[in-house]
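J.: Got a predicted model here, sequence first, then my questions.
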Amino acid sequence: MKRFKIEKNFIFSLLAVVFLWLFWLIAYFIVRNDYLLPSVGDTLAETWRLLGTGEFWRAFGGTLLRTLAAFALSLVLGTGLSIIARLFTGVRAFFTPVISVLRSLPTVAIILILLLWTSPAVAPVIVSMLVLLPAVYAAVLAALDEVHGEYGELIRAFRVSNRRAVIKLYLPLAAPPVLGQAGGIFSLGLKITVSGEVLASTYRSLGGLMQEAKMYVQMPALLALTLVTVLTGFLLEGLCRLAYRLLVRWRP
C-alpha cells in the first residue's frame, strides 16, 4: 500500500512537470519572441552553461547561506516566542497582534527601508526572517498546543516545572510536526531571499545575477536562474521531508 502511494505521487509529480513543459512550449509558439520568452532548449542550454561557471556557484552559495541564516534566525526566535506564549496566556495575547502585523508587512517597502539601515547583503536576510517568523511561530505554537492538550493534565498532576516540561516534553514531541512543515517554510525563505537580493542588487547572489540578466535583456539567463531557484526550493523541501520521515521512523 505504501509503495503504491509513493508510485502514485511520483506519477502525479511527473504529470505536473509534463504539463508545465507543454505550457511553456505553447506560450513560446504564441509569443514567438526570444526577447520575451526564450525556448526551453535555449533556457536549458543556458542553465548548463551557468552550472559550469564559478561566478554562478559563488552567487548560489551566497544566496543559500543567506536563506539558511534567515531560516535559522526565524526558527530560534519563532520557537522561543512560541514557548513563552504557550506558558503565559497574557504574553500570547500580546504576541497575537504583533505576529499579525509581521504577516501583513509589505516586503518591498521593508527591503527599501532596510537598505537605508543595513547593506545589500544583510537586508535580504532580515526581510526573509521577518516573513518566515510568523510561519514558524504559528507552526511551533500549534504543535505545542497539541502536546499540551495531550499531556497538560499529567504535567500539572506531577507538578513538573516549566523548564523541565519544555526541555523533556514539549520540544521533543513538537519537533516532528514542525519538521514536517519546515520544507515549505524553507522554500518560502529561499523565494523571499532571492526577491530581496533582486531589489537590493546584492553582490554574489542569485538575485543579483537576475538583476544583471534583466538589465542586459538576457532572458535565457534570467529564466535559467529562475529554474535553478525553483529546483533548489524543491530540493530543500524534499530534504526536509526526508528528515521528517527518518525522525518519525526512529522516534521511540
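T.: On my side now, so go ahead. What you see is a predicted model; the values in this text were computed from it and never measured. Numbering: from 1, shown residues only.
J.: From here on, just use CA atoms for contacts and neighbour counts.
T.: OK.
J.: Quick check: pLDDT value at Ile84.
T.: Looking at Ile84, its pLDDT stands at 93.
J.: Excluding chain neighbours, what is closest to it?
T.: Take Ile84 and drop its neighbours on the chain: the residue closest to it by C-alpha to C-alpha, 6 or more residues apart in numbering is Val91, 7.0 Å away.
J.: can you check Leu37 too?
T.: Tyr28 is the one closest to Leu37 (C-alpha to C-alpha, 6+ apart), at 6.2 Å.
J.: which stretch of helix or strand covers that neighbour?
T.: Tyr28 is located in helix 2-31, with elements delineated by DSSP states H and E.
J.: next SSE after that helix?
T.: Later in the chain than helix 2-31, the nearest helix or strand by DSSP H and E is helix 40-51.
J.: Buried residues of the following helix or strand past that next one, list them for me.
T.: Proceeding N to C from helix 40-51, the next assigned helix or strand is helix 54-87, under DSSP H and E. Within helix 54-87, the residues that count as buried by 16 or more other C-alpha atoms under 10 Å are 56-57, 59-60, 62-64, 66-71, 73-75, 77-79, 81-83, 85-86.
J.: Val127 and Ala109 touch, don't they?
T.: No - counting by C-alpha atoms under 8 Å, Val127 stays clear of Ala109, with 9.9 Å between them.
J.: So between the two, which is more surrounded?
T.: The residue with more neighbours, out of Val127 and Ala109, is Val127; 25 against 11, by other C-alpha atoms under 10 Å.
J.: picking that back up, dump the residue contacts of the residue nearest to Leu37.
T.: Tyr28 is in contact with 37-39, counting by C-alpha atoms under 8 Å, 6 or more residues apart in numbering.
J.: separation between Lys191 and Gln218?
T.: 21 Å (C-alpha to C-alpha, to the nearest Å).
J.: Counting neighbours, go ahead and name the busier of those two.
T.: Taking neighbours as other C-alpha under 10 Å, Lys191 and Gln218 compare with Lys191 leading, 20 against 16.
J.: Could I get the buried residue list for the helix or strand hosting that one?
T.: Assessed by DSSP H and E, Lys191 sits inside helix 171-200. Going by neighbour count (16+ other C-alpha under 10 Å), the buried part of helix 171-200 is 171, 173-200.
J.: on contacts alone, who are the packing partners of that helix?
T.: Judged by 3 or more C-alpha pairs under 8 Å, 6 or more residues apart in numbering; DSSP states H and E, the packing partners of helix 171-200 are helix 54-87, helix 107-117, helix 123-157, helix 206-215, helix 219-250.
J.: How far away from the center of its chain is the fourth one?
T.: Here helix 206-215 shows a centroid-to-chain-centroid distance of 21 Å under the convention C-alpha atoms, centre = their mean, to the nearest Å.
J.: If you count neighbours, what's buried in that helix?
T.: Under the neighbour-count criterion of 16+ other C-alpha under 10 Å, helix 206-215 has 206-213 buried.
J.: Name the nearest of the residues you listed relative to Ala135.
T.: Checking the buried residues of helix 206-215 against Ala135 by C-alpha to C-alpha gives Gly207 as the nearest, at 23.1 Å.
J.: what about the stretch 1-150 of the chain, any weak spots by pLDDT?
T.: 1-10, 12-14 (pLDDT under 70).
J.: Nothing else from me, thank you.
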